[in-house]
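Asker: Coordinates only, no sequence provided:
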RNA sequence: CCGGAGGUGGCAGAGUGGCCAAUUGCAUCAGACUGUAAAUCUGACGGGAUUUCCCUUCGAAGGUUCGAAUCCUUCCCUCCGGA
């Protein structure tokens, strides 16, 4: 009696239904990220109207503020934030990275753009020299110990230890429908030796997470909560496959594929000719890292478990991952891009890989543009407002801008994934993809 | 008319003899954003050649000086107080 059922496939792409304590989720699905108990700028009503089926919440942020015990006391996260649909909670593992190695190494989860995502693997640089200075904004750095992640709060500098057990306790207090085990994200710059030790530690963390979860879920706010395991790794076929074989043996309800995505320089030897030809675009390396990883790992995963790609959600990546058999996605990109003036456009309106299917609403070319952001889009924003108006609101930093922009971007991505699902059911995945990707 | 203060690049506002083509903020222009330290960050912002270079700028015109946005003279204009 699995929670997940596949109802159709088109080659490796799958359409399914995932049962949770707060309702069914039609997959493939995009889950908007609501880190602090809100998908920024949107109300639960907005989310429902946009077609969001499930959202993501965050252990680390909600633990620090307002506190998991308070939320539990107030009936759990669903009741607290007024969202009746399913919620998946991240374990805090990403913050161990974004407040740790990401700062120390000056890297991002997915390396793309100017540096082509190609990195020289090495030990963490000691001290200052970061690859990207803009990513380093202070002395707050989390540290990894065997017992868990030592955080320095980004709010007040206080110290906290997030163990696998603590992460589970918090997620159960929140009443999450899908909990994630605590893991450590690896940076593409970690040494081979560090990677080996980290992955073994993550195994121990995952097992501790599972043990605590199984022991306490029955008496928790949401006894039907599920636990997903995380498949960690770096850009290395043997490592990723090894991690895949490990995680499928642990009896999780689903598999989340995590980690950072970038190509180590040695990978260039094989693929250099493609880079030189330039036909695959500026994000070739990041795309290659994601695609290859999924190709290595997916065949080793059991077909009956839902597969979740952590933190992946740009248009190209959604097509690439769904094509390879992924079912669930979460990503901050639609919401953050919206707030930063980057609005999604479809191929009919010049959306393409090279512009990430976005336009920058602040551009002067939209000053007198009466068209909708993405003419043809049926979201509330596109039905009612012009690019010129959105541009004005954005430049004036008017609060309405954030809501209208977020409505559009979330609708765009949620609906794109929904249309991909329908295409899979109709065995039309390839032809739909061709309309979007070259 | 008298007394006082002041006129700096789109705006505000530093600089008060060389390190000033001129701090900074805003505005503008462009770029970035993938398990949210993000309504954030980066770059450009007199013109041209486009590593260290040249030309035209700090109300206007003269002057002092090796050298002036910075000192002097005259003129124009603005603001405050008194007639």
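Answerer: Happy to help now that I have it. Everything numeric here is computed off the predicted structure, so don't read it as measured data.
Asker: What about residue A:87? Give its phi and psi, please.
Answerer: phi -130, psi 130 (degrees, to the nearest 10).
Asker: Now for it: which residues touch it?
Answerer: Contact partners of residue A:87, counting by CB atoms under 8 Å, 6 or more residues apart in numbering, are A:22, A:54-57, A:77-78, A:174-178. In this view, the C-beta of every residue, glycine as well, is placed from N, C-alpha and C.
Asker: and the residues you listed near RNA strand B, which?
Answerer: residue A:56 (CB under 7 Å from any atom of the strand).
Asker: Which among the contacts of residue A:87 count as buried?
Answerer: A:22, A:54-57, A:77-78, A:174-178 (16 or more other CB atoms under 10 Å).
Asker: can you tell me which of those residues are in helices?
Answerer: In helices, judged by DSSP state H, the following of the buried ones among the contacts of residue A:87 are found: A:77-78, A:174.
Asker: What's the mean pLDDT across stretch A:357-370?
Answerer: Averaged across stretch A:357-370, the pLDDT comes to 97.
Asker: Please see if it touches RNA strand B.
Answerer: Yes - using CB under 7 Å from any atom of the strand, stretch A:357-370 reaches RNA strand B at A:358, A:360, A:362-365, A:367.
Asker: Which of these has the largest number of neighbours?
Answerer: Neighbour tally across these (other CB atoms under 10 Å): the maximum, 22 neighbours, falls on residue A:358.
Asker: Which residues does that one form beta bridges with?
Answerer: Per DSSP bridges, the residues bridged to residue A:358 are residue A:344.
Asker: which one of the contacts of residue A:87 is nearest RNA strand B?
Answerer: residue A:56 (5.7 Å; CB to the nearest atom of the strand).
Asker: so who does the closest one touch?
Answerer: Contacts of residue A:56 by CB under 8 Å, 6+ apart are A:31-35, A:87-90, A:330.
Asker: pLDDT-wise, which helix or strand of chain A ranks last?
Answerer: helix A:268-277 (a mean of 48; mean pLDDT, DSSP states H and E).
Asker: After that helix, which helix or strand is next?
Answerer: Next helix or strand after helix A:268-277 toward the C-terminus (DSSP states H and E): helix A:284-297.
Asker: Report all helices and strands that that following helix contacts.
Answerer: Applying 3 or more CB pairs under 8 Å, 6 or more residues apart in numbering; DSSP states H and E, one finds that helix A:284-297 contacts helix A:237-248, strand A:254-257, strand A:263-264, helix A:268-277, helix A:315-323.
Asker: Deepest-packed of those, please.
Answerer: Mean neighbour count (mean count of other CB atoms under 10 Å) peaks for strand A:254-257 among the helices and strands packed on helix A:284-297, with a mean of 26.
Asker: just so I have it, where are all the helices in the stretch 51-200 of chain A?
Answerer: Assigned by DSSP state H, counting those that start in this stretch, the helices in the stretch 51-200 of chain A fall at A:59-64, A:68-73, A:77-81, A:93-96, A:102-105, A:164-174, A:192-216.
Asker: Quick one, which of those gets closest to residue A:347.
Answerer: Residue A:347 lies closest to helix A:93-96 among the helices of the stretch 51-200 of chain A, at 31.4 Å (CB to CB).
Asker: in the stretch 151-300 of chain A, which ranges drop under the pLDDT threshold?
Answerer: A:267-282 (pLDDT under 70).
Asker: Quick check: residue A:343 touching residue A:337?
Answerer: Yes - counting by CB atoms under 8 Å, residue A:343 touches residue A:337, with 7.2 Å between them.
Asker: So these two - more neighbours on which side?
Answerer: Legend: neighbour count by other CB under 10 Å for residue A:343 and residue A:337, higher for residue A:343 (29 against 21).
Asker: Next, the contact list for the more buried one, please.
Answerer: So residue A:343 contacts A:337, A:358-359, A:361, A:373-374, A:390, A:405, A:408-409 (CB under 8 Å, 6+ apart).
Asker: Close to RNA strand B: what parts of the stretch 301-438 of chain A are there?
Answerer: A:310-314, A:316-317, A:330-333, A:335-337, A:339-342, A:356, A:358, A:360, A:362-365, A:367, A:395, A:397, A:399, A:402.
Asker: buried residues in stretch A:57-71?
Answerer: Applying 16+ other CB under 10 Å to stretch A:57-71 flags A:57-64, A:68, A:71 as buried.
Asker: Make TSV out of those and add pLDDT and distance to residue A:191.
Answerer: Shown next, in TSV, are these (pLDDT from 0 to 100; distance: CB to CB, whole Å):
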residue	pLDDT	distance to residue A:191
A:57	98	33
A:58	98	29
A:59	98	28
A:60	97	26
A:61	98	30
A:62	98	33
A:63	98	31
A:64	97	31
A:68	98	35
A:71	98	39
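Asker: wait, which of those is closest to residue A:6?
Answerer: So of the buried residues of stretch A:57-71, ranked by how close each gets to residue A:6 (CB to CB), first place is residue A:57, at 26.5 Å.
Asker: does the closest one have beta-bridge partners, and which?
Answerer: Per DSSP bridges, residues listed as beta-bridge partners of residue A:57: residue A:89.
Asker: What separation do you get for it and residue A:405?
Answerer: 22 Å (CB to CB, to the nearest Å).
Asker: Name the residues of stretch A:323-338 that are buried.
Answerer: In terms of neighbour count (16+ other CB under 10 Å), stretch A:323-338 has its buried residues at A:323-335, A:337-338.
Asker: In space, what's closest to residue A:385 - neighbours in sequence excluded?
Answerer: Leaving out its chain neighbours, the residue that sits closest to residue A:385 by CB to CB, 6 or more residues apart in numbering is residue A:404, at 6.2 Å.
Asker: What strand or helix carries the one you found?
Answerer: Per DSSP H and E: helix A:399-425 holds residue A:404.
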